[in-house]
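Participant: Can you look at this prediction? I've put the sequence above it.
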Amino acid sequence: KNEVEQSPQNLTAQEGEFITINCSYSVGISALHWLQQHPGGGIVSLFMLSSGKKKHGRLIATINIQEKHSSLHITASHPRDSAVYICAVSRAETSGSRLTFGEGTQLTVNP
Amino acid sequence: NAGVTQTPKFQVLKTGQSMTLQCAQDMNHNSMYWYRQDPGMGLRLIYYSASEGTTDKGEVPNGYNVSRLNKREFSLRLESAAPSQTSVYFCASSDVPARRNTEAFFGQGTRLTVV
């Protein structure tokens, strides 16, 4: 079993829909990261959080430390949101950004 | 503000050939990393350098070597490429290694095919 599990693996939505991507982890962490990867492109960091909730524009990330679970929400989705969204964790016993990654969720938003 | 720059973006090698992937960052970060990304798997750590002058193995170091040339540059070398090393390679950097909760910055990736 992977230490970081994401669901769903693939998600197709219509423009305007509210989207939720889930991430569960089984190790002790110091922080959880949400990353975005566009086709053929690099990886950019969306959020880093260790508790509670963060919001940036139409993106919201939440984390429940007790349940070892995080969600990434996208409100009013748009075709430009189509990308792979990756959950990663900074493990509690390591320093810096040695991350353990989930497999990613491929999101497609249709117009 | 270039961030993390990787070269080349694409490369095709024959089995047994060698090559070096270059990575440079201009954010004065101490820590640098090399990951590989394969279909159906999350990114996996090959090697990392917590600070200039140090390097350590990650999850999948076999078949690779690294050099932390200076604070800016961290290269990944394949001495004798194998088809199993066909992958997308990402370099990343982050701030002071003692701070656990540090955001990572990634390069654009190098798509390597070994035939």
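Facilitator: Alright, I've got the coordinates.
Participant: now the strands: where do they sit in chain A?
Facilitator: Secondary structure of chain A (DSSP state E): strands at A:4-7, A:10-14, A:19-25, A:29-37, A:43-49, A:52-56, A:59-64, A:69-74, A:83-91, A:99-101, A:105-110.
Participant: Kindly report the same for chain B.
Facilitator: B:4-7, B:10-13, B:19-25, B:31-37, B:44-49, B:56-57, B:64-68, B:74-78, B:87-94, B:104-106, B:110-114.
Participant: Just the mean pLDDT for the second one, thanks.
Facilitator: Think strand B:10-13. Mean per-residue pLDDT for strand B:10-13: 96.
Participant: In TSV: the strands of chain B, plus mean neighbour count and distance to residue A:99.
Facilitator: Using the backbone N, CA and C atoms, a C-beta is placed for each residue, glycine as well. Output for the strands of chain B, formatted as TSV (neighbours: other CB atoms under 10 Å in any protein chain shown; distance: least, CB to CB, whole Å):
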stretch	mean neighbour count	distance to residue A:99
strand B:4-7	19	15
strand B:10-13	14	25
strand B:19-25	19	16
strand B:31-37	26	8
strand B:44-49	22	8
strand B:56-57	12	15
strand B:64-68	18	17
strand B:74-78	20	16
strand B:87-94	25	8
strand B:104-106	23	6
strand B:110-114	18	19
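Participant: could the ones you listed go into a markdown table alongside distance to residue A:35?
Facilitator: Output for those, formatted as a markdown table (distance: least, CB to CB, whole Å):
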| stretch | distance to residue A:35 |
| --- | --- |
| strand B:4-7 | 14 |
| strand B:10-13 | 22 |
| strand B:19-25 | 17 |
| strand B:31-37 | 11 |
| strand B:44-49 | 15 |
| strand B:56-57 | 23 |
| strand B:64-68 | 23 |
| strand B:74-78 | 20 |
| strand B:87-94 | 10 |
| strand B:104-106 | 8 |
| strand B:110-114 | 18 |
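Participant: For residue A:59, find the nearest of those.
Facilitator: Smallest distance to residue A:59 across these (CB to CB): 17.8 Å, for strand B:104-106.
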